[in-house]
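Asks: Need coordinates for the below:
(one chain, ligands or ions: 1)
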Amino acid sequence: MAATYLKSRFGCYDPSSSSSVSNFGERDDHVGVIRRSSSLNFELQEDPSFWKDHNVQVVIRIRPLSNLEISTQGLNKCVRQESTQDITWTGHPESRYTFDLVADENVTQENLFNVAGLPMVENCMGGYNSCMFAYGQTGSGKTHTMMGDIDGGTLMGDIVGGTRRHSVNCGMIPRVFEHLFTRIQKDKEARRDEKLRFTCKFSYLQIYNEQILDLLDPSLANLQIRESPKKGVYVENLKEMEVTCARDVIQLLIQGKTNRRVAATNMNEASSRSHNVFTCIIESKWEVQGVAHHRFARLNLVDLDGTERQGSSGAEGKRLNEATNINKSLSALGNVIMKLVSSNGKLVHVPYRDSKITFLLQDSLGGNSKTSIIANISPANCNSMETLGTLKFAQRANFIKNNASVNEVASRDVHTMRIQIQQLEKEVNQMGGLVKGGIENQEVDFPSVSFPGSPGSFKWEGLEGSFSPLACDRKKPRVPVQPLLNLLVLPCPLKY
Ligand SMILES: Nc1ncnc2c1ncn2[C@@H]1O[C@H](COP(=O)(O)OP(=O)(O)OP(=O)(O)O)[C@@H](O)[C@H]1O
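Replies: Okay, here's the model as predicted:
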């Protein structure tokens, strides 16, 4: 059954209304649901046009019931899949949700990669910043989805009998890199005349208790996030390793995983509770008719820590502190999403800096990125409330609007200027709305503005300006609109 990818944003509806009857007639009992869903076998199909019209994709992935859950609770489930886009939470009151895709327990890693991972690689190759993050309750399948099995010996990319073989369980991250390097190789061969060349730099970090640790060099702890006009948001001093094939990445993933264990032991922590962020900066350069082109994309792959109710986890002492920090950062993520979807495209202050993970994912949420959110859920009845929480989170995320644009410059001045002018026009239009509203002398929240040096001076997109020191609160990025408007007439460098 093909996914139609309508962003129909129904959200949840009242099951007591006449329209609550599922597409497939009467509601089955739970055992019937299981038989029905496996017999229908909702296979997801890729729709290449999806990313032309959308910048955010929300996918629900239901993991299978575990043997323990089956032996203690039977085959009852708290969700019922209705189609490749619809899912019903079967608690009280029953509620139905619509997403871009719903992947049931029968959906394989390969099938999921084809609909969510592969298009993301294509977006990166096209010069779009891209992000995939896995969200969900502890044990709902985030790591299985993102990393899967990479230790099995049959690393992806191994050649067996003349063809490449994956471990069937290897997840989105290894598959993304295998496809990325295959695509790079193909492009390089097809465009030899243009002297096309690529550079890929890989980094792997962990956010534990609101501290950033470099998993490729664990001696680098408590790294700081910075923001610059040229690089956008980045982690200062984070090790970036050049990678030329999928095997290079796999080796770094294994190295990072080992460092993670060492770090956990050093911190006297058996827990692996942390957010894990894998980033690859992909740059390409080529020449056409004497014009040198430069394209770049940032690919963020994120395995978030699990949402967990403190009451149910039985956490105490240090572990409670850890759980509190995780809950804080995940609720900061929820707040950012809430603010983004309630702002209706207006310029509002979005609290990205309330946690490390939201600061780092600033571009991926509401910014210059094509983003895929995989919300993992458990179908077990004992996880019913956590599953409902994830469905509600995903429903809100479904309304995020990003502004993804191709990161490309051409070295002839006229080309560079054209791209810059397009960017500036967009910003002038935005600011123009404020001027029309007659508020050019008021202050606006402008997160990309920094306040270096003397009072009243500010930097925006690499350009410096000044205004009355009295109008500036250094702690908050608020500046009067007029000086920013004055700066808009000047060209500014591209951010990536
Ligand atoms: N789609 C799936 N198919 C088969 N097994 C799965 C699937 N999803 C999860 N599992 C299994 O369920 C268990 C928990 O999954 P996983 O460790 O990925 O959860 P998690 O959400 O990353 O948990 P945590 O937040 O604690 O890291 C693992 O044994 C995993 O192999």
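Asks: what residues are up against residue 128?
Replies: By C-beta atoms under 8 Å, 6 or more residues apart in numbering, the contact set of residue 128 is 297, 369, 370, 404, 405, 406, 407. No exception for glycine: its C-beta is placed from N, CA and C like everyone else's.
Asks: mind running it again at 6 Å?
Replies: 297, 370, 404 (C-beta atoms under 6 Å, 6 or more residues apart in numbering).
Asks: same for whichever helix or strand residue 174 is part of, what does it pack against?
Replies: Here residue 174 sits within helix 172-190, counting by DSSP states H and E. The criterion is 3 or more C-beta pairs under 6 Å, 6 or more residues apart in numbering; DSSP states H and E, and the helices and strands that helix 172-190 contacts are helix 118-125, helix 246-266.
Asks: now for these, which one comes closest to the ligand?
Replies: helix 246-266 (11.7 Å; C-beta to the nearest ligand atom).
Asks: could you give the angle of the closest one to helix 172-190?
Replies: Taking axes from the mean of the first three to the mean of the last three C-alpha atoms, to 10 degrees, helix 246-266 and helix 172-190 form an angle of 150 degrees between their directions.
Asks: is any part of helix 246-266 close to the ligand?
Replies: No - applying C-beta under 6 Å from any ligand atom, one finds helix 246-266 separated from the ligand by no less than 11.7 Å.
Asks: buried stuff in that helix?
Replies: 246-250, 252-253, 256-257, 259-260, 263-264 (16 or more other C-beta atoms under 10 Å).
Asks: Going by distance to residue 172, which of the contacts of residue 128 wins?
Replies: Set against residue 172, the nearest of the contacts of residue 128 by C-beta to C-beta is residue 370 (14.7 Å).
Asks: contacting residues around the residue in the stretch 51-200 of the chain that the ligand sits nearest to?
Replies: In the stretch 51-200 of the chain, the residue that lies nearest the ligand is residue 141 (2.8 Å; C-beta to the nearest ligand atom). By C-beta under 6 Å, 6+ apart, the contact list for residue 141 reads 63, 376.
Asks: Which positions in the protein make contact with the ligand?
Replies: 63-64, 136, 138-144, 305-306, 376.
Asks: Filter these down to the ones in helices?
Replies: 142, 143, 144 (DSSP state H).
Asks: By neighbour count, which of those residues wins?
Replies: Greatest neighbour count in those, by other C-beta atoms under 10 Å, goes to residue 142: 26 neighbours.
Asks: Need the pLDDT of it.
Replies: As predicted, residue 142 sits at a pLDDT of 93.
Asks: Helix, strand, or coil at the closest residue to it other than its chain neighbours?
Replies: Spatially, and ignoring its direct neighbours in sequence, residue 142 is nearest to residue 134 (3.9 Å; C-beta to C-beta, 6 or more residues apart in numbering). What DSSP: H, G, I helix; E, B strand; the rest coil gives for residue 134 is strand.
Asks: any idea which of the buried residues of helix 246-266 is closest to residue 222?
Replies: Out of those, the member with the shortest distance to residue 222 (by C-beta to C-beta) is residue 263, at 12.0 Å.
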